[in-house]
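A.B. asks: Next one to model:
(2 chains)
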Number of protein chains: 2
Amino acid sequence: VTGAAGAEPARRILAAITDKRAGHRLSSDTIAEVVGDFAAGRTPDYQMAALLATIACAGLDLAETAALTDAYVRSGQTLRPTRPVVDKHSTGGVGDKVTLVVAPMVAACGMPVLKLSGRGLGFAGGTIDKLESISGLRLDLCASEVLQMVDRVGMVIAGQSAGLVPGDGRTYALRDVTATVDSIPLIAASVMSKKIACGSRGVVLDVKHGEGALVPDPGQARALARLMLALGTRFGLPGVAVLSDMSQPLGRAVGNALEVKEALAVLRGEEVPGLTGLCDLIAALMLRLGDARLDAATATRQVRAARTSGAGYDVFARWVAAQGGAVEQIRNPDLLPGAAHHDLVRAPAAGWVTAISARRVGEAAALAGAGRLRLGDPVDHGAGVLLHRQAGDRVAAGQPLAELHCTEGSRAAALASLTAAFQVGPEPPATVPGHEVLAAEVAVDHLA
Amino acid sequence: VTGAAGAEPARRILAAITDKRAGHRLSSDTIAEVVGDFAAGRTPDYQMAALLATIACAGLDLAETAALTDAYVRSGQTLRPTRPVVDKHSTGGVGDKVTLVVAPMVAACGMPVLKLSGRGLGFAGGTIDKLESISGLRLDLCASEVLQMVDRVGMVIAGQSAGLVPGDGRTYALRDVTATVDSIPLIAASVMSKKIACGSRGVVLDVKHGEGALVPDPGQARALARLMLALGTRFGLPGVAVLSDMSQPLGRAVGNALEVKEALAVLRGEEVPGLTGLCDLIAALMLRLGDARLDAATATRQVRAARTSGAGYDVFARWVAAQGGAVEQIRNPDLLPGAAHHDLVRAPAAGWVTAISARRVGEAAALAGAGRLRLGDPVDHGAGVLLHRQAGDRVAAGQPLAELHCTEGSRAAALASLTAAFQVGPEPPATVPGHEVLAAEVAVDHLA
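C.D. replies: Residues are numbered from 1 along each chain as shown, chains lettered A, B, ... in the order given. Model prediction:
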């Protein structure tokens, strides 16, 4: 049956939907054609939405996921840094400012970092939103500017470039509005295509689990980590995965400028329980991915020195200046945006903080104005939450648990969500849900 | 979290997609809201496509399917015929002109028939396309015209009215272009909502299985039949289901005017193997649904008399005239559209016809111009296929098996498909795939 012009893309994607639902494998050619059709605007959104929903139900195997990753990478340009660079990725969490800490730490150790980041949506924040707290900082760099920053400063953080993996870009935007973001193979192909297109020497994957994570189940998070590492191996991108707990927020600050301030405090040597250790671990793994001769102890010593000596802080300031940002806000973080109202949430009774819901804290921050419900909505860079207590802490009745920073947001709803985030009980929790590293899946021989 | 205006429909359907994929039941309220949002244009196609694809994978239980049916019915107006009427529905097949035969047969027995029909797509024909072979026949009646025809003629066949079940109408159009037509609960809700909205006293469901059917697997077809009957029971619409084989075409004619001619021949008393028996069975069941006092033998005698006496033929002619059609084409079917070329397909060797692929015959007819690949495309009413032999027939080498009627269509491709439809072997087939009734699922006590 030979159809009219334009009928072939429809025939291909409809056959792919039917085949996938029936449990068949999709061929690499089929996947490449379907992604190519969609990236080129030959396939309507509703057909791609139906295919994504079918994949979210029926899954993709490793070969199919690799074909999808390859199709995304081939849909756009790729970066070819002249110096070796390393990269990191987090699957996202509440209070996750690790990129802001580790990129300058690793760069200060002499290993350039090239990191393209996204914006936040829902209860999880995005690195680009956080960095936009800094006046004047340019984050929409073109590919050549990204590579220039690597050469000039040794680090670059920028928004996802439009020229890279446009096939993933269009697909991600559609997944976001069709409840198909939490599919393991779709996440893995989306993340790894972006990492592969950046041309780095290695990537550290921070895969979150727990209530505040995109993939709450630890087993599923581990499967996602293994799948991403396997894709990296197939495409010549060495990787290491850290599985970390996201059942309570990471660090004390949640919100854009608040998180930049906390990152700067860590880069001045401050120890934040849960956060500092994770930053050291990820930074050391990044360093070792970039330099095969480094052992774990040496790498850890080097990144700690970069954090406590102020060397990382200096790199961060130089980088902000180089991308046009207000370096005085880095030297004096009190100049970063703030909020009109600071409301305290207090312990209802004496006891122990047994749990802090990352999701509710993230929702409180978003309601206060720090987050957005739809891409394109503005965010309030000064809004957010500061936690005074962490899980396992003992509290007296009436003692402050957390502080809501809010100007124009839904203050009452945000306070209600923040209050509901805390569980205070008469006994200390049996296990403190921390940001302990559960596993480091070492895919690179010299890191084993 | 209270979102901006318009955010609620998105939140609802995204939650429904996530819940359904996770294996949860959707509440009746959720289903009603989601269908209402979509019917009112508050939900974009891509979100509904993702939900339909998820349902096609994960299924719906009876309560969910009933809620979907109810939501479709409530999305538009419903008919309230003043006289009791009966209805029938076929899940669609190649050469299925049963409606054209049974509606006048039953009406001639004094039981009015109200039947809203659809157009064909792909290899299966649609009743409305077939009837448009008749010059001038108006099939786009409004609700009051439909009811007037019942009163005036005792039968009406018309296109699906825009005012009835618009929620299903929009959803069906989207299913058609997202490869989600073959989901059992989606089919059941779509069919039964239309039947319920027509206000009839009972419906005979002709559920096809076999290679040429929408649902090829007999077990799945039986499940579909049971589900539709269960929905009918819930909504006070008594029903009977006939499971019939669609592995070879129904009757000898496939194509629009060719099928009208065959229907008229049956209404003149001609016996067509496979077709006439099925028409008598369905007509008798329709009659008994309308009149609880009739036993099977009496009903069968009455409908046969209507078919062989010419009474049904007269009702058909009166009905065509009443809806503005050229009654001279009914009196003299040679005046119906024909085709410029008649090509014979001949037996390659002596032997027995062991099988005739309904799907390939349907494709041949569609390629000849009788069908369409996309809704809105025109059809050639004169094009199609006439079968000279049926499965189980003995043939000599070179004897005609079938005849392709084609004017402007893809004649060579159609002939190739028609040739490939026939299997001729040295032995007679062990079982002749006929249109035998496999089961009559009697849901109404007095028909048991």
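
A.B. asks: quick one: the helices in the stretch 101-250 of chain A?
C.D. replies: Along the stretch 101-250 of chain A, counting by DSSP state H, counting those that start in this stretch, helices occupy A:127-131, A:143-153, A:166-176, A:184-197, A:218-234.

A.B. asks: mean pLDDT for the ones you listed: which is lowest?
C.D. replies: Ranked on mean pLDDT, the bottom entry among those is helix A:166-176, at a mean of 87.

A.B. asks: when you scan it, is anything in it near chain B?
C.D. replies: Yes - counting by Cβ under 8 Å from any Cβ of the partner chain, chain B is contacted by helix A:166-176 at A:Leu174. Glycine gets a C-beta too; all of them are placed from N, C-alpha and C.

A.B. asks: Turn the helices of the stretch 101-250 of chain A into JSON lines, columns for mean neighbour count.
C.D. replies: Converted to JSON lines, those look like this (neighbours: other Cβ atoms under 10 Å in any protein chain shown):
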{"stretch": "helix A:127-131", "mean neighbour count": "25"}
{"stretch": "helix A:143-153", "mean neighbour count": "17"}
{"stretch": "helix A:166-176", "mean neighbour count": "21"}
{"stretch": "helix A:184-197", "mean neighbour count": "25"}
{"stretch": "helix A:218-234", "mean neighbour count": "21"}
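
A.B. asks: Tell me which of those approaches B:Ser161 most closely.
C.D. replies: Of all the helices of the stretch 101-250 of chain A, helix A:166-176 sits nearest to B:Ser161, with 34.1 Å by Cβ to Cβ.

A.B. asks: gap between the closest one and the chain center?
C.D. replies: Distance, stretch centre to chain centre, for helix A:166-176: 16 Å (Cα atoms, centre = their mean, to the nearest Å).

A.B. asks: ditto for stretch A:246-261
C.D. replies: 13 Å.

A.B. asks: can I get the CA coordinates of it in CSV?
C.D. replies: What follows is stretch A:246-261, C-alpha atoms only, in CSV (Å, rounded to 0.1, in the frame of the first residue of the first chain):
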residue,chain,number,x,y,z
MET,A,246,16.5,11.9,48.6
SER,A,247,13.9,11.2,51.3
GLN,A,248,14.9,14.4,53.1
PRO,A,249,16.2,17.6,51.4
LEU,A,250,19.9,17.8,50.6
GLY,A,251,21.5,20.3,52.9
ARG,A,252,19.7,23.0,54.7
ALA,A,253,18.7,25.4,51.9
VAL,A,254,15.9,24.9,49.3
GLY,A,255,15.3,27.7,46.9
ASN,A,256,17.4,29.5,44.3
ALA,A,257,19.5,32.2,46.0
LEU,A,258,19.3,30.3,49.3
GLU,A,259,21.0,27.3,47.6
VAL,A,260,23.6,29.5,46.0
LYS,A,261,24.5,30.9,49.4
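
A.B. asks: Alongside chain B, which residues does chain A contribute?
C.D. replies: Checking chain A against chain B by Cβ under 8 Å from any Cβ, the hits are A:1-4, A:7, A:10, A:13-15, A:17-18, A:21, A:44-54, A:56-58, A:174, A:177-180, A:182, A:363, A:366-367, A:373-374, A:410, A:413.

A.B. asks: Whichever of those end up buried, select them in ChimeraX.
C.D. replies: For the buried members of the residues of chain A next to chain B, the matching ChimeraX selection, counting by 16 or more other Cβ atoms under 10 Å in any protein chain shown, is:
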select /A:10,13,14,17,18,21,44,45,46,47,48,49,50,51,52,53,54,56,57,58,174,177,178,179,180,182,363,366,367,373,410
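
A.B. asks: Among the residues of chain A next to chain B, name the ones in helices.
C.D. replies: Under the assignment DSSP state H, those contribute A:7, A:10, A:13-15, A:17-18, A:21, A:45-54, A:56-58, A:174, A:363, A:413 to helices.

A.B. asks: on that earlier part again, the helices of the stretch 101-250 of chain A into a markdown table, with extra columns for distance to B:Leu164?
C.D. replies: Shown next, in a markdown table, are the helices of the stretch 101-250 of chain A (distance: least, Cβ to Cβ, whole Å):
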| stretch | distance to B:Leu164 |
| --- | --- |
| helix A:127-131 | 49 |
| helix A:143-153 | 56 |
| helix A:166-176 | 32 |
| helix A:184-197 | 38 |
| helix A:218-234 | 45 |
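
A.B. asks: Point out where chain A drops to low pLDDT.
C.D. replies: Regions of chain A meeting the criterion pLDDT under 70 cover residues A:1-6, A:121-123, A:162, A:375, A:432-448.

A.B. asks: and A:Ala22, how many neighbours?
C.D. replies: The number of residues packed near A:Ala22 is 9, by other Cβ atoms under 10 Å in any protein chain shown.

A.B. asks: Also A:Asp37?
C.D. replies: Using other Cβ under 10 Å, A:Asp37 has 19 neighbouring residues.

A.B. asks: cool, the one 3 residues further on as well?
C.D. replies: By the other Cβ under 10 Å criterion, the neighbourhood of A:Ala40 contains 13 residues.

A.B. asks: go on, A:Ala402?
C.D. replies: 24.

A.B. asks: by contact count, what packs against the helix or strand hosting it?
C.D. replies: Per DSSP states H and E: A:Ala402 is located in strand A:400-406. Secondary-structure packing of strand A:400-406 (3 or more Cβ pairs under 8 Å, 6 or more residues apart in numbering or on different chains; DSSP states H and E): strand A:341-346, strand A:384-387, helix A:411-421, strand A:422-425.

A.B. asks: can you give me how far the longest one is from the chain middle?
C.D. replies: A distance of 25 Å separates the C-alpha centroid of helix A:411-421 from that of its chain, computed with Cα atoms, centre = their mean.

A.B. asks: buried stuff in that helix?
C.D. replies: Quick answer for helix A:411-421 (16+ other Cβ under 10 Å): A:411, A:414-419, A:421.

A.B. asks: out of the residues you listed, which one sits closest to chain B?
C.D. replies: Distance to chain B, by Cβ to the nearest Cβ, is smallest for A:Ser417 among the buried residues of helix A:411-421, at 8.4 Å.

A.B. asks: Spit out the contact partners of the closest residue to the closest one other than its chain neighbours.
C.D. replies: Leaving out its chain neighbours, the residue that sits closest to A:Ser417 by Cβ to Cβ, 6 or more residues apart in numbering or on different chains is A:Ala364, at 4.0 Å. Contacts for A:Ala364 (Cβ atoms under 8 Å, 6 or more residues apart in numbering or on different chains) come out as A:254, A:385, A:404, A:414-415, A:417-418, A:421.

A.B. asks: Max pairwise distance over these: which two?
C.D. replies: Farthest pair in those, by Cβ to Cβ: A:Val254 and A:Leu415, 14.1 Å.

A.B. asks: one step back: what's the closest of the helices of the stretch 101-250 of chain A to A:Thr69?
C.D. replies: Checking the helices of the stretch 101-250 of chain A against A:Thr69 by Cβ to Cβ gives helix A:184-197 as the closest, at 4.4 Å.

A.B. asks: Mind giving me the packing neighbours of that closest one?
C.D. replies: Helix A:184-197 packs on helix A:45-58, helix A:62-74, strand A:86-90, helix A:166-176, helix A:218-234, going by 3+ Cβ pairs under 8 Å, 6+ apart.

A.B. asks: Show me what the third one is packed up against.
C.D. replies: What that stands for is strand A:86-90. In terms of contacts (3+ Cβ pairs under 8 Å, 6+ apart), strand A:86-90 is packed against helix A:98-108, strand A:113-117, helix A:184-197, strand A:202-209, helix A:275-290.

A.B. asks: picking that back up, how big is the angle separating the strand holding A:Ala402 from helix A:411-421?
C.D. replies: For strand A:400-406 against helix A:411-421, the angle by axes from the mean of the first three to the mean of the last three Cα atoms, to 10 degrees is 150 degrees.

A.B. asks: And strand A:400-406, what's buried?
C.D. replies: Buried residues in strand A:400-406, defined by neighbour count with 16+ other Cβ under 10 Å: A:401-406.
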